[in-house]
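Asks: give me coordinates for this.
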Amino acid sequence: MEKILIHTPGSVSEILVGAKWQSAASLIPAEDTVIVTDTNVFDIYGSRFPAVPVVKIEPGEGSKSLNVIGRLADELLKKGTGRTGFILAVGGGVVCDLSGFLASVFMRGIRCGYVSTTLLSQVDASTGGKTGVNLGSVKNVIGTFRQPEFVICDPSMLKTLPEDEYLSGLAELIKTGLIGDPSIIDDMENKYEEIINRDTELLSHLVAKAVRFKASVVSEDEKESGPRRILNFGHTYGHAIELVKSAKHGFAVAEGMKLAVLFSLEKGFIGKEECSAIVNLLERYKLLRGSMIPAGKMKDLVAYDKKRSGSDIHFVFIEAIGRGIVKKLPVEEVTGFYSNTTADK
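Replies: Numbering: from 1, shown residues only. Here you go, the predicted structure:
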């Protein structure tokens, strides 16, 4: 087990990679704790949850709404949760996003911790303190920064994931390798069979690498005013694709990464050989599903992107495998590249 700390103003968050999920029972308060989970996770693990009240949501992105937050808050009130309350999220990115947001606003803020059950959540969503819900077709536009006291990443839980859910998480792992840790890409290229077969020891190693990189970025820039923007590689196009196509997050981000890599090639940041190697890796892991959307829809959604600043947007390119860069570009240039690239698709 490896403990990775995220230091931000006023808080320290412990990410426990390789810990058993059942160890959460020793980390939560004996009283006034409520578990938030989804019905899928509850069906698999619920019989072994700590003996505290449980609130369930439906799995999937559709639960990330203010209506669900209101229902969860009402459930907490009915269960007598007060200012000393604690929310233990047991689930993937949706459960952790909702639980963190709820913890940040209920009674003006109560404590929380996560048991992260998906690869996507372990390598990205549960680490860093971002919380939020969607508003209509705009992703994560209502949210807060709230660091959980702890996050447990138990690789044995990844064995129960459906194949597409597991593959979706690999996209965020590749993202981290492309922008900050090329050794992840080396492992993805050289240990394909072990990764596809969900080797627990290797996954724990890879998750720890991803968390260490993200922890270093978040500790420097919690509120995404500078260096943290690099973590959005592939997300400008990816979030729009995710919403329009109702695609899994990882597959949408993979399409977004492919577009960002092609954009990087056009800008002269990388060469054709590196571009081809990255696209081939995404294809090898079956992450590219051809989920393009109409150019007009992309233009509309990028206009609402949180990374936008006036008529410009902070866009993440790569200039080498393992080195991302952020450039401020006119929104029209970003949407124009998409239009030109997909014109014949």
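Asks: in the stretch 1-150 of the chain, which spans are helices?
Replies: Using DSSP state H, counting those that start in this stretch, the helices of the stretch 1-150 of the chain run over residues 39-45, 66-78, 93-105, 119-120.
Asks: got the buried residues for the second one?
Replies: Put plainly, it is helix 66-78. Burial within helix 66-78, assessed by neighbour count using 16 or more other Cβ atoms under 10 Å, is assigned to 68-69, 72, 75-76. Yep, even glycine has a C-beta here, placed from its N, CA and C like the rest.
Asks: list just the nearest of the residues you listed to E242.
Replies: V68 (18.1 Å; Cβ to Cβ).
Asks: quick check: closest non-adjacent residue to the closest one.
Replies: Counting by Cβ to Cβ, 6 or more residues apart in numbering, I57 is the residue found nearest to V68 once chain neighbours are left out, at 6.1 Å.
Asks: same thing with F106?
Replies: A73 (5.5 Å).
Asks: contacting residues for the one you found?
Replies: Contacts for A73 (Cβ atoms under 8 Å, 6 or more residues apart in numbering) come out as 102, 105-106.
Asks: quick check: pLDDT value at it.
Replies: Looking at A73, its pLDDT reads 98.
Asks: what separation is there between the nearest residue to D38 once chain neighbours are set aside and N40?
Replies: Setting aside the residues directly before and after it, D38 is nearest to P59 in space (Cβ to Cβ, 6+ apart), at 4.2 Å. Relative to N40, P59 is positioned 5 Å away (Cβ to Cβ, to the nearest Å).
Asks: same question for V326.
Replies: From V326 to N40 the distance is 36 Å (Cβ to Cβ).
Asks: check I179 too.
Replies: 30 Å.
Asks: for S204, same thing?
Replies: S204 is 23 Å from N40, by Cβ to Cβ.
Asks: between the helices of the stretch 1-150 of the chain, which one is closest to H239.
Replies: So among these, helix 93-105 is nearest, using Cβ to Cβ, at 13.1 Å.
Asks: what's the average pLDDT for the closest one?
Replies: The model assigns helix 93-105 a mean pLDDT of 97.
Asks: just the C-alpha atoms of that helix, please, in CSV.
Replies: The C-alpha trace of helix 93-105 is given here as CSV (Å, rounded to 0.1, in the frame of the first residue of the first chain):
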residue,chain,number,x,y,z
GLY,A,93,-16.6,9.2,-10.6
VAL,A,94,-20.3,10.1,-10.6
VAL,A,95,-20.7,9.0,-7.0
CYS,A,96,-17.6,10.8,-5.8
ASP,A,97,-18.4,14.0,-7.7
LEU,A,98,-21.9,14.0,-6.2
SER,A,99,-20.8,13.1,-2.7
GLY,A,100,-18.0,15.7,-2.7
PHE,A,101,-20.4,18.4,-3.9
LEU,A,102,-23.0,17.4,-1.4
ALA,A,103,-20.4,17.4,1.4
SER,A,104,-19.3,20.9,0.5
VAL,A,105,-22.7,22.5,0.6
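Asks: circling back to that earlier point, closest one to Y237 out of the contacts of A73, please.
Replies: Using Cβ to Cβ, the contacts of A73 come closest to Y237 at L102, 29.6 Å.
Asks: now do the contacts for the closest residue to that closest one other than its chain neighbours.
Replies: Closest residue to L102 apart from its sequence neighbours, by Cβ to Cβ, 6+ apart: L72 at 5.4 Å. Applying Cβ under 8 Å, 6+ apart, one finds that L72 lies in contact with 36, 55, 57, 98, 102.
Asks: for the protein, what spans make up the strands?
Replies: For the chain, the strands defined by DSSP state E cover 2-8, 11-17, 33-38, 54-57, 86-91, 111-116, 133-135, 138-142, 150-153, 308-309, 312-320, 323-330.
Asks: can I get the helices of the stretch 1-150 of the chain in a markdown table including distance to M1?
Replies: Shown next, in a markdown table, are these (distance: least, Cβ to Cβ, whole Å):
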| stretch | distance to M1 |
| --- | --- |
| helix 39-45 | 19 |
| helix 66-78 | 30 |
| helix 93-105 | 20 |
| helix 119-120 | 18 |
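Asks: for these, which one sits closest to K139?
Replies: Smallest distance to K139 across the helices of the stretch 1-150 of the chain (Cβ to Cβ): 10.5 Å, for helix 93-105.
Asks: partners of the helix or strand bottoming out on mean pLDDT in the chain, with directions?
Replies: One helix or strand of the chain scores below all others by mean pLDDT, DSSP states H and E: strand 308-309, with a mean of 82. If you go by DSSP bridges, strand 308-309 pairs up with strand 312-320 (antiparallel).
Asks: please spell out which residues along the partner strand are buried.
Replies: 312-318.
Asks: try stretch 146-160
Replies: Applying 16+ other Cβ under 10 Å to stretch 146-160 flags 146-155, 157-158 as buried.
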